[in-house]
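Engineer: Coordinates only, no sequence provided:
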């Protein structure tokens, strides 16, 4: 038996990424769960940001941004980047987290995050409360310690990314592997 | 030390939702990981679909769709909905999964999924390989057995949603709670 819960902005699970804009001389970042990959060729990401975000202002100055995936163990700092406003406080100075230059775009990366995407904004879709940035992913980086045996792919168990759960407003880590995709489905039908 | 991995369409983690279009008399659904919430007021979701998907054709006939979250234990059926084409085969007949009418929109829900969103498409953003559907969430439903003690909110531990991991192409379940969001960050700075 199901219960009607009304219009909802909850989807399970969500990423807990830090979106960074600006330059090495002045940057801000904020925690964003409302995002996803949206195209393959070229790879693009769709990121929803409130118009009031200082990070958004800074993204617009260079037309570039980075997506930085924090470790589950760094939930406190990631949450800090979500609840504090960059208009009032310098999140990097206060958290002790640091910037590193990107390879391709002007927006810097967050050094403490083991997986990072460098992106250039292609278009903005205005959505009232939020603006949806559609950005091409030009480069990605991963800490060598989170790569699998091939050295070319992320091992998500080693990455141990932070996960956001809407509604109950909690952070979780990933759990056990359930099955191989594009394989287990062949047993059905 | 970080390694450059090139342009990437990988983000960690992703949802593993079944998007359903059509009517009770003829529906199709496909597994989609490239999606996210993109606005609050009204709540909206952004869903990337390949132009070739039969589900997309059916969504366009009514302008509505549903988002259905499978349980981690149902990885096999969810994967089946991803790897089989609705142009050739009837995924519902073959999997044994069933449709149930929606409360507000024409597109039906997938009865075996414990969390469901009813949506009306607001706009399409063409992105070459994919089209990004931006859809308003008009109603949500959850199985009573996955609600928390208040009876009004999903308990994500009980929901046990399927999670998709790009790159290694695997399904996982959620793991342990790490911290409370909007709280743990107050200990920083």
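Structural biologist: Noted; the coordinates are in hand. Everything numeric in this text was worked out from a predicted model, so none of it was measured.

Engineer: And the strands in chain A, which stretches?
Structural biologist: For chain A, the strands defined by DSSP state E occupy A:2-4, A:14-15, A:17-23, A:26-32, A:35-40, A:43-50, A:64-69, A:99-100, A:109-110, A:115-127, A:130-143, A:163-165, A:170-180.

Engineer: Pipe those into CSV and attach mean pLDDT and mean neighbour count per row.
Structural biologist: Yep, even glycine has a C-beta here, placed from its N, CA and C like the rest. Formatted as CSV, the strands of chain A follow (pLDDT from 0 to 100; neighbours: other CB atoms under 10 Å in any protein chain shown):
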stretch, mean pLDDT, mean neighbour count
strand A:2-4, 98, 15
strand A:14-15, 98, 22
strand A:17-23, 98, 26
strand A:26-32, 97, 23
strand A:35-40, 97, 24
strand A:43-50, 97, 24
strand A:64-69, 98, 27
strand A:99-100, 98, 18
strand A:109-110, 98, 26
strand A:115-127, 98, 20
strand A:130-143, 98, 22
strand A:163-165, 98, 25
strand A:170-180, 98, 18
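
Engineer: CSV for those, including distance to residue B:78?
Structural biologist: Shown next, in CSV, are those (distance: least, CB to CB, whole Å):
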stretch, distance to residue B:78
strand A:2-4, 18
strand A:14-15, 18
strand A:17-23, 24
strand A:26-32, 26
strand A:35-40, 17
strand A:43-50, 22
strand A:64-69, 24
strand A:99-100, 38
strand A:109-110, 33
strand A:115-127, 25
strand A:130-143, 26
strand A:163-165, 18
strand A:170-180, 9
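
Engineer: wait, which of these is closest to residue B:62?
Structural biologist: Set against residue B:62 and scored by CB to CB, those come closest in strand A:2-4, at 20.1 Å.

Engineer: Can you spell out which helices and strands pack onto the closest one?
Structural biologist: Packing partners of strand A:2-4 (3 or more CB pairs under 8 Å, 6 or more residues apart in numbering or on different chains; DSSP states H and E): strand B:130-143.

Engineer: other SSEs contacting the strand it packs on?
Structural biologist: strand A:2-4, strand A:35-40, strand B:43-50, strand B:64-69, strand B:115-127.

Engineer: Those strands: which one's closest to residue A:99?
Structural biologist: Of all the helices and strands packed on strand B:130-143, strand A:35-40 sits nearest to residue A:99, with 20.5 Å by CB to CB.

Engineer: close to chain B, is that closest one?
Structural biologist: Yes: legend: contact between strand A:35-40 and chain B by CB under 8 Å from any CB of the partner chain is shown at A:35-40.

Engineer: now swap in stretch A:86-104 and tell me
Structural biologist: Yes: Stretch A:86-104 lies within reach of chain B by CB under 8 Å from any CB, at A:89, A:91, A:94-95, A:103.

Engineer: To residue A:15, which of the helices and strands packed on strand B:130-143 lies closest?
Structural biologist: Here strand A:35-40 is closest among these (CB to CB), at 6.4 Å.

Engineer: That closest one pairs with which strands, parallel or anti?
Structural biologist: The pairing partners recorded for strand A:35-40 under DSSP bridges are strand A:43-50 (antiparallel).

Engineer: Give me the residues contacting the strand it pairs with.
Structural biologist: A:19, A:30, A:32, A:34-38, A:55-56, A:59, A:65, A:67, A:117, A:119, A:122, A:127, A:129-137, B:7-9, B:11, B:36-39, B:46, B:48, B:127, B:132 (CB atoms under 8 Å, 6 or more residues apart in numbering or on different chains).

Engineer: just the angle between that strand and strand A:26-32, please?
Structural biologist: 90 degrees (axes from the mean of the first three to the mean of the last three CA atoms, to 10 degrees).

Engineer: now strand A:43-50, how far from the centre of its chain.
Structural biologist: Relative to the chain's own centre, strand A:43-50 is displaced by 9 Å; criterion: CA atoms, centre = their mean, to the nearest Å.

Engineer: can you give me the angle that strand makes with strand A:64-69?
Structural biologist: Going by the same axes, to 10 degrees, strand A:43-50 makes 90 degrees with strand A:64-69.

Engineer: got a list of what the closest residue to residue A:181 other than its chain neighbours touches?
Structural biologist: Once flanking residues are discounted, residue A:181 sits nearest to residue B:169: 4.4 Å by CB to CB, 6 or more residues apart in numbering or on different chains. Going by CB under 8 Å, 6+ apart, residue B:169 touches A:180-182.

Engineer: ok, of those residues, which one's closest to residue B:152?
Structural biologist: Using CB to CB, residue A:181 comes nearest to residue B:152 of the contacts of residue B:169, at 32.9 Å.

Engineer: Wait, that closest one touches residue B:167, no?
Structural biologist: No: checked against CB atoms under 8 Å, the pair residue A:181 and residue B:167 is beyond contact range at 10.5 Å.

Engineer: More neighbours: which of the two?
Structural biologist: residue A:181 (23 against 19; other CB atoms under 10 Å in any protein chain shown).

Engineer: Perfect, that will be all.
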